[in-house]
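J.: Give me the fold of what follows.
(chains A, B, C and D)
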Number of protein chains: 2
Amino acid sequence: MAQDRNTEELIIEAAKKIFVKRGLAGARMQDIADEAGINKAMLHYYYRSKDKLFEIVFNEAIGKVIGRLGTVLSQPMPILEKIPAIVESYIDGVMEAPYLPMFVLNEINQQPEMFLQRLKTQGNFPNILLFLKEIVEAGKQGQIKEVSPIQLLLNILSLCVFPFVARPMVQGILQLDSVQYNMIMEDRKKVITEVIFAWIKA
Amino acid sequence: MAQDRNTEELIIEAAKKIFVKRGLAGARMQDIADEAGINKAMLHYYYRSKDKLFEIVFNEAIGKVIGRLGTVLSQPMPILEKIPAIVESYIDGVMEAPYLPMFVLNEINQQPEMFLQRLKTQGNFPNILLFLKEIVEAGKQGQIKEVSPIQLLLNILSLCVFPFVARPMVQGILQLDSVQYNMIMEDRKKVITEVIFAWIKA
DNA sequence: GTCTATAGCTGGATAGAC
DNA sequence: GTCTATCCAGCTATAGAC
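T.: Okay, the predicted model is just below:
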């Protein structure tokens, strides 16, 4: 148990777990309280309302999913080294919290305004836009083929993230157990890099 | 208005709209009734409960998303012609109902049991498994490179579906309006085929 | 700060008139 | 078959004792 930590943190940890699993609409304050091993009233004492609590969890989740992307995209490396690095570190990151992408994507779809609001306040992830320029530059210099930078970004993201978002579906259809699926995900680091390289090699 | 159609259909249409938008937990029977232009009591008269109504909508949605995939995967064509056909027809299909994939994926994540149950009753999409064998075969015959068929399937699916699932997020970050995004999606048909071909060409 | 008890509301479901 | 009125469970949120 994590009884040694203070109540505020206990609540946030529990809230993450429940919100990520059930979403805003499906989550119950009682479940969060149970998960934290405390009383329902404490949730309101510390965080006032369900919405406020959700906002904290959601913002942190966005930070993890998108922020991490920004970080890895902005490592100063030649593009041909950077792409495998992006793939590897992003997949590793997602594997640590495999349900986070689905949660973030779904809640953004539910409340696009909330997300757009957040974008305004905290800047538009300049690292990502910078990465796009880098692609164009590398194309002009002949390091890679000249491709649409947005399509390239979409391709990398799609190949890395989708298999986690669709995991229960794919696992069900193809009758794979968890061990098999994890192996496939591990293989993907190599596969994705191969696929992208095959496409952009000059 | 579709007042000429019978009430049962009106309800289903309305239920689709609301469930797909809000999910099972977020949808309100009142909203479905309003959308259908009828009374809340009628929903229960025709479909007994929210869960029953949801099941109908959900099953139809799965059928569209996965069933369509099975259909297109099983067209009798040489593999190198089939892949562009798959990509084109699947993207066109998704563009008609862009929120369906997110809905299906999210609800499967929420209730994997319900989905696995459905798989048992209606067979395991044999078309999809057949497609995997076809890939292996084409690899052995040297029509394409020998690649993992599951990875290939995952790649195609990822590249086609993810951009729709992540649309609000990507659009927000890259500051794109809907017209621009639709053009990008239109371009993708070509891009995806290029990417896959670059990877598997013998 | 933490708990119990409960207010107040929302939303799914039903009864019963027409 | 369709409506209004209403029930009742479940949920967020708060009051108040300790």
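
J.: alpha carbons only for contacts and neighbour counts from here, please
T.: OK.

J.: Please list the residues of chain A that sit near DNA strand C.
T.: Contact residues (C-alpha under 7 Å from any atom of the strand) of chain A with DNA strand C: A:Thr7, A:Ile38, A:Asn39, A:Lys40, A:Ala41, A:Met42, A:Tyr45.

J.: is it possible to export the residues you listed to TSV including pLDDT?
T.: TSV is the format used below for the residues of chain A next to DNA strand C (pLDDT from 0 to 100):
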residue	pLDDT
A:Thr7	96
A:Ile38	97
A:Asn39	97
A:Lys40	98
A:Ala41	98
A:Met42	98
A:Tyr45	98
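
J.: Show me which of the residues you listed are buried.
T.: A:Thr7 (16 or more other C-alpha atoms under 10 Å in any protein chain shown).

J.: Near DNA strand D, which residues of chain A? Just list them.
T.: A:Ala27, A:Arg28, A:Met29, A:Gln30, A:Lys40, A:Ala41, A:His44, A:Tyr45, A:Arg48, A:Ser49, A:Lys50, A:Asp51.

J.: any idea of the pLDDT on the second one?
T.: Turning to A:Arg28, the model gives it a pLDDT of 98.

J.: check contacts around it.
T.: A:Ile18 (C-alpha atoms under 8 Å, 6 or more residues apart in numbering or on different chains).

J.: State the distance from it to A:Asn182.
T.: 31 Å (C-alpha to C-alpha, to the nearest Å).

J.: Now do the contacts for the spatially most central residue of chain A.
T.: Nearest residue to the geometric centre of chain A (C-alpha atoms, centre = their mean): A:Val65, 2.9 Å. Listed by C-alpha under 8 Å, 6+ apart, the contact set of A:Val65 reads A:Val94, A:Leu100, A:Pro101, A:Val104.

J.: can you give me phi and psi for it?
T.: phi -70, psi -50 (degrees, to the nearest 10).

J.: returning to what we had before: filter the residues of chain A next to DNA strand C down to the ones in helices?
T.: A:Thr7, A:Lys40, A:Ala41, A:Met42, A:Tyr45 (DSSP state H).

J.: who touches A:Ile12 in this structure?
T.: A:Leu53, A:Val57.

J.: one more time with 10 Å, if that's ok
T.: A:Ile18, A:Ile32, A:Ala36, A:Leu43, A:Tyr47, A:Leu53, A:Phe54, A:Ile56, A:Val57 (C-alpha atoms under 10 Å, 6 or more residues apart in numbering or on different chains).

J.: Give the buried subset of these as a ChimeraX selection command.
T.: Those of the contacts of A:Ile12 that count as buried under 16+ other C-alpha under 10 Å are selected in ChimeraX with:
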select /A:18,32,36,43,47,53,54,57
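
J.: of all the residues of chain A next to DNA strand C, which comes closest to A:Ile83?
T.: A:Thr7 (41.3 Å; C-alpha to C-alpha).

J.: Surely the closest one touches A:Tyr47?
T.: No. Under the criterion of C-alpha atoms under 10 Å, A:Thr7 is not in contact with A:Tyr47, lying 11.3 Å apart.

J.: who touches A:Gln117 in this structure?
T.: B:Gly172.

J.: Same check on the one 10 residues further on?
T.: With contact set as C-alpha under 10 Å, 6+ apart, A:Asn127 has these partners: A:Gly67, A:Leu69, A:Gly70, A:Thr71, A:Val72, A:Leu73, A:Ser74, A:Gln75.

J.: what angle separates the lengthiest helix in chain A from helix B:178-200?
T.: When chain A is parsed with DSSP H, its longest helix is helix A:178-200. Helix A:178-200 runs at 100 degrees relative to helix B:178-200, counting by axes from the mean of the first three to the mean of the last three C-alpha atoms, to 10 degrees.

J.: hmm, back to that, could you tell me which of the contacts of A:Val65 are located in helices?
T.: A:Val94, A:Leu100, A:Pro101, A:Val104.

J.: rewinding a little: quick check, nearest of the residues of chain A next to DNA strand D to B:Phe131?
T.: Of those, the one sitting nearest to B:Phe131 (C-alpha to C-alpha) turns out to be A:Ala27, at 39.1 Å.

J.: Hmm, the closest one is touching A:Phe19, no?
T.: Yes. Shown here, A:Ala27 and A:Phe19 form a contact pair, counting by C-alpha under 10 Å, at 5.7 Å.

J.: quick one: which of the two has more around it?
T.: Neighbours per residue (other C-alpha atoms under 10 Å in any protein chain shown) separate A:Ala27 from A:Phe19, with A:Phe19 holding more: 22 against 19.

J.: okay, A:Leu43: pLDDT?
T.: 98.

J.: for the one 5 residues further on, same thing?
T.: In this prediction, A:Arg48 carries a pLDDT score of 98.

J.: need the contact list for it.
T.: Applying C-alpha under 10 Å, 6+ apart, we find A:Arg48 in contact with A:Ala41, A:Met42.

J.: Backbone dihedrals for it, both of them.
T.: Per degrees, to the nearest 10, the backbone of A:Arg48 is at phi 70, psi -60.

J.: Output stretch A:148-156 as PDB - backbone C-alpha positions only.
T.: The C-alpha trace of stretch A:148-156 is given here as PDB (Å, rounded to 0.1, in the frame of the first residue of the first chain):
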ATOM      1  CA  SER A 148       4.900  15.900 -47.100                       C
ATOM      2  CA  PRO A 149       6.100  16.400 -43.600                       C
ATOM      3  CA  ILE A 150       2.600  16.200 -42.200                       C
ATOM      4  CA  GLN A 151       2.100  12.800 -43.900                       C
ATOM      5  CA  LEU A 152       5.400  11.600 -42.500                       C
ATOM      6  CA  LEU A 153       4.400  12.700 -39.000                       C
ATOM      7  CA  LEU A 154       1.000  11.100 -39.400                       C
ATOM      8  CA  ASN A 155       2.600   7.900 -40.600                       C
ATOM      9  CA  ILE A 156       5.000   7.600 -37.700                       C
END
